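In: A structural model of the following input is requested.
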Amino acid sequence: MKLSKSLPFRNLAGKPVRTVILVLLTVLLSLTVFGGTLMITSLKTGLHSLESRLGADIMVVPYEATTKSNLENIVLQGATGYFYMDNDKYHKILEREGIGEVSAQFFLASTSAGCCSSAVQIIGFDPETDFTITPWIKKSYGKELQKYDVVVGNNLNIFVGDTMTFYGTECHVAAKLDKTGTSFDTTVFTNQETIKALIQSSLDLNMNTFQNIDPEQVVSCVMINVAEGYTVEDVVNDINIHVKKVKAIQTKQMISGISDSLAGVSDIIGILIAVVWVLGVVILLLAFTMSVNERKKEFAVLRVVGASRKRLAGIVMQEALLTCLLGSIIGIGIGMLVIFPFNQLIEEQLNLPFLLPEAGKIIGYMISAVLASVIAGSISAMASAFRISRIDTALILRGDN
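Out: Below is the predicted model:
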């Protein structure tokens, strides 16, 4: 009985080449299932994070921002840039019907010259009216930002208590934000008072493209949530018609291109997972069939010494289970080593928001990958196990089969 129980292990150890090939097949299978599922989920989580970080129905910017600058690159993809419009545009927007929550934001791009610590996008907000950035910051920093306090994105190599210099002005890092998988991970945030001081510093050093502005009289964009009873489309059209030299944009339209790209990538990965799984089943089936054909005499001898047909089938199934478990664990490990340390690089290469899901979901994907590999191996081994149960011991031992 002990020998019978140890046979699957002995068989695998006795044929290392065959065992390695079977394990490698299941490694590829589990790596594709786990890695592909994690990629799709991370992209969707990143898009959801971007939607929540924009946090407004409408963004209003100076019209020139949509023609001379790539607005989506600045707002969605972390490109450095800035633009301004007079405060009177902000007040005219406030007068329009259908305006619910509204708050102004201020953009400034630092440089990598000696005046600044690094080239980053700086976004200023009004703490009294803001409804997009403040809720997010409060998760990492519950206090009010003082003048020259800044909050940095998660991917910046800056830490709480450090000092950053922008246009010769020193700023204190008050907090570091949680990772979002979006361009905001490389952005610096501060309050209205600080951003205006920094804009003035850039003007004093003649390092601002807009030389004829007064920081106290301009804003970069206006974030709006539509009041109850109004549609986003109606408010957008009303602003574009009645407020000159501005462009109102639905934030959902801004991320539609990203959504389309994400859907395309997700479809490709999903098809790849399905194709690899089917091919895995077919290849494993061929591998187990060839293995059984090579071992007919071995199984015939086992029948002679008293092993039942059911026991022979069980040996094949156990071998399949062991190789699939080992291969799936290795495949998941490789997937984790590739995706976890290099998730920022993946985000940059795909040019899409990318945020790993919470630990509970990742564990679920690991279990799913193991089950997918085991099921594939079991389906493949069943056919071989059936063949084993049908062998004619006498014919095989006489060499007639």
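
In: ok, now which ones touch F34?
Out: Residues in contact with F34, defined by C-beta atoms under 8 Å, 6 or more residues apart in numbering, are 331-332, 335, 365-366, 368-369. Glycine gets a C-beta too; all of them are placed from N, C-alpha and C.

In: pull out the buried members of these.
Out: 331-332, 335, 365-366, 369 (16 or more other C-beta atoms under 10 Å).

In: among those, name the ones in strands.
Out: Secondary structure from DSSP state E places none of these in strands.

In: widest-spaced pair of those residues?
Out: By the measure C-beta to C-beta, G331 and Y365 form the most distant pair in those, at 12.0 Å.

In: quick check: beta-bridge partners of I58?
Out: I224, Q250 (DSSP bridges).

In: hang on, isn't it packed against N237?
Out: No: contact criterion C-beta atoms under 8 Å: I58 and N237 do not qualify, at 10.8 Å.

In: between these two, which is the more surrounded one?
Out: For the pair I58 and N237, the greater number of neighbours falls to I58 (25 against 12), based on other C-beta atoms under 10 Å.

In: quick one: residues contacting that one.
Out: Shown in contact with I58 (C-beta under 8 Å, 6+ apart): 223-226, 232, 235-236, 239, 248-251.

In: try 7 Å this time
Out: The contact partners of I58, by C-beta atoms under 7 Å, 6 or more residues apart in numbering, come to 224, 226, 232, 235-236, 248-251.

In: what of S261?
Out: Counted by C-beta under 7 Å, 6+ apart, S261 has contacts L352.

In: still on that earlier bit, okay if I get the buried ones among the contacts of F34 as TSV plus pLDDT?
Out: Shown next, in TSV, are these (pLDDT from 0 to 100):
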residue	pLDDT
G331	93
I332	94
G335	92
Y365	92
M366	94
A369	90
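
In: cross these against helices and list the overlap.
Out: In this view, the buried ones among the contacts of F34 that belong to helices under DSSP state H are 331-332, 335, 365-366, 369.

In: in three-state terms, how would H172 be classified?
Out: With DSSP: H, G, I helix; E, B strand; the rest coil as the basis, H172 sits in strand.

In: can you report how many residues neighbour it?
Out: The burial count for H172: 16, using other C-beta under 10 Å.

In: got a markdown table for the ones in helices among the buried ones among the contacts of F34, with distance to L272 too?
Out: Putting these into a markdown table (distance: C-beta to C-beta, whole Å) gives the following:
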| residue | distance to L272 |
| --- | --- |
| G331 | 14 |
| I332 | 17 |
| G335 | 14 |
| Y365 | 16 |
| M366 | 19 |
| A369 | 14 |
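
In: for S117, state which of those is nearest.
Out: Nearest member of these to S117, counting by C-beta to C-beta, is G335, at 36.1 Å.

In: tell me the bridge partners for K176.
Out: Per DSSP bridges, the residues bridged to K176 are V152.

In: confidence score at it?
Out: Looking at K176, its pLDDT is 93.
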